[in-house]
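Asker: I would like to see how this sequence folds:
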Amino acid sequence: MKKLAVVAIGGNAVNRPGEKATAENMFKNLSETAKFISKMLDEYDIAITHGNGPQVGNLLVQQEIAKEKIPPFPIDVNDAQTQGSLGYMIAQTLHNELKEKGKNMQIASIITQIVVDKNDPAFQNPTKPVGPFYTEEEAKKLANEKGWIIKEDAGRGWRRVVPSPKPLEIIEKDVIKLLMKNDVIVIAAGGGGIPVILEDGKIKGVEAVIDKDRASALLAKEINADILVILTGVEKVYLNYGKENQKPLDILTTTEAKKFLAEGHFPKGSMGPKIESAINFVEQTGKECIITDMKVLDKALRGETGTKIIKG
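Answerer: All right, here's what the predicted structure looks like:
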């Protein structure tokens with residue numbers, strides 16, 4: 001029997017830094033991504049997750065420009081739109097790659113809702129920047145008109161910030177399990193999933209952003225995956241990254257990972273959420289997580305490179 005893997009692809013799989021976010025470029029990049037992911041399929045059944053931050057941000061900019069003619073959508077609806085568009089692109093490019101290799105496999109992209117706690121402390125302290133930059137005057141006006149929380153963003157201007165609550169449960173988990181039992185490659189939890197809360201037994205979308213890697217770890221737990229693979233822009237996790245004394249890590253125990261995280265080796269805006277998600281998955285399941293660059297994915301799965309996070 002094949003092993004079961006959740007593969008979280010990073011932003012570079014969709015758009016390269018400094019590159020225009022055109023559909024043509026996105027298809028080109030995802031076609032390359034599909035080549036690396038397809039190498040897993042002889043040994044693994046896979047569920048693919050992906051980010052959507054830049055794509056939702058672009059939608060918000062478009063809606064801001066057109067707001068006098070077409071009312072803007074809330075973030076949860078924009079999440080759903082980008083899950084659909086990116087899911088379509090990933091499914092099509094992977095389908096074409098598999099056809100080229102003579103493989104006939106079904107692929108399904110699932111619009112995925114993820115429950116968060118409406119009392120999560122993140123709702124009292126929004127930190128996740130979304131959408132366009134504003135002048136201070138525009139920011140104050142929007143904060144008054146819409147009740148948004150807007151903060152200055154590293155000297156670049158003012159941006160809206162929204163909560164980033166912890167993911168608790170995937171609404172569509174049974175559908176995802178059923179598809180995977182029937183050898184379907186599933187694309188799910190795109191952009192961290194659509195955040196929803198429970199009110200009087202009903203689900204309701206909220207304006208928030210769930211971290212993609214945390215959602216990937218939750219999906220891996222809920223479908224009982226054998227391994228969580230987090231693809232990023234570096235071959236291995238490093239201590240003192242970018243410094244003269246940077247040190248690559250081949251194997252990292254959860255105890256070591258927590259220590260290095262507390263010491264500030266893994267920043268919140270980059271490697272931090274990946275390490276936190278790896279710790280969460282590994283500690284709760286006893287399984288392994290690999291963090292690596294998609295270009296060396298096959299080697300990482302053979303234990304020749306990448307960083308493996310293990311319980312201990």
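Asker: alpha carbons of the host helix or strand of Phe27, as PDB, please.
Answerer: According to DSSP states H and E, Phe27 maps onto helix 23-38. C-alpha atoms of helix 23-38 as PDB (Å, rounded to 0.1, in the frame of the first residue of the first chain):
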ATOM      1  CA  ALA A  23      -2.300  33.800 -15.100                       C
ATOM      2  CA  GLU A  24       0.300  32.900 -17.700                       C
ATOM      3  CA  ASN A  25       3.200  33.100 -15.200                       C
ATOM      4  CA  MET A  26       1.200  31.200 -12.600                       C
ATOM      5  CA  PHE A  27       0.500  28.300 -15.100                       C
ATOM      6  CA  LYS A  28       4.100  28.200 -16.100                       C
ATOM      7  CA  ASN A  29       5.300  28.000 -12.500                       C
ATOM      8  CA  LEU A  30       2.700  25.400 -11.500                       C
ATOM      9  CA  SER A  31       3.700  23.300 -14.500                       C
ATOM     10  CA  GLU A  32       7.200  23.100 -13.100                       C
ATOM     11  CA  THR A  33       5.800  22.400  -9.600                       C
ATOM     12  CA  ALA A  34       3.700  19.500 -11.000                       C
ATOM     13  CA  LYS A  35       6.900  17.900 -12.300                       C
ATOM     14  CA  PHE A  36       8.400  17.600  -8.800                       C
ATOM     15  CA  ILE A  37       5.100  16.600  -7.100                       C
ATOM     16  CA  SER A  38       4.400  13.900  -9.700                       C
END
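Asker: who does that helix touch, helix- and strand-wise?
Answerer: strand 3-9, helix 75-100, helix 297-301 (3 or more Cβ pairs under 8 Å, 6 or more residues apart in numbering; DSSP states H and E). Yep, even glycine has a C-beta here, placed from its N, CA and C like the rest.
Asker: counting by contacts, list what the longest one packs against.
Answerer: Just to be clear, that refers to helix 75-100. helix 23-38, strand 44-50, helix 53-65, strand 107-109, strand 185-187, strand 194-199.
Asker: now do that helix and strand 44-50, the angle between them.
Answerer: 140 degrees (axes from the mean of the first three to the mean of the last three Cα atoms, to 10 degrees).
Asker: how far away from the center of its chain is helix 75-100?
Answerer: Relative to the mean C-alpha coordinate of its chain, helix 75-100 is positioned 14 Å out (Cα atoms, centre = their mean, to the nearest Å).
Asker: what residue is smack in the middle of the chain?
Answerer: Centroid check for the chain by Cα atoms, centre = their mean gives Lys212 as the closest residue, at 2.6 Å.
Asker: who's in contact with Asp226?
Answerer: When contacts are counted by Cβ atoms under 8 Å, 6 or more residues apart in numbering, Asp226 touches 3-5, 44, 287.
Asker: check Glu64 too.
Answerer: So Glu64 contacts 72, 131-132 (Cβ under 8 Å, 6+ apart).
Asker: kindly report the same for Ser270.
Answerer: Counting by Cβ under 8 Å, 6+ apart, Ser270 has no contacts.
Asker: if we use 10 Å, what do you get?
Answerer: 232-234, 241 (Cβ atoms under 10 Å, 6 or more residues apart in numbering).
Asker: before we move on, back to that, the contacts of Asp226: which two are farthest apart?
Answerer: Using Cβ to Cβ, the contacts of Asp226 span at most 13.0 Å, a distance reached by Tyr44 and Lys287.
Asker: so how many other residues sit close to the closest residue to Val115 other than its chain neighbours?
Answerer: Spatially, and ignoring its direct neighbours in sequence, Val115 is nearest to Glu169 (4.3 Å; Cβ to Cβ, 6 or more residues apart in numbering). Glu169 has 13 neighbours, counted by other Cβ atoms under 10 Å.
Asker: okay, and the helix or strand of the protein with the least pLDDT?
Answerer: Using mean pLDDT, DSSP states H and E, the weakest-scoring helix or strand in the chain turns out to be strand 128-134, at a mean of 82.
Asker: comparing the helices and strands packed on helix 75-100 by mean pLDDT, which bottoms out?
Answerer: The minimum mean pLDDT among those belongs to helix 53-65 (a mean of 88).
Asker: one step back: tell me which other helices or strands the least confident helix or strand of the chain touches.
Answerer: Packing contacts for strand 128-134, counted by 3 or more Cβ pairs under 10 Å, 6 or more residues apart in numbering; DSSP states H and E, involve helix 53-65, helix 75-100, helix 136-146, strand 149-152, strand 158-162.
Asker: kind regards, and thank you for your time.
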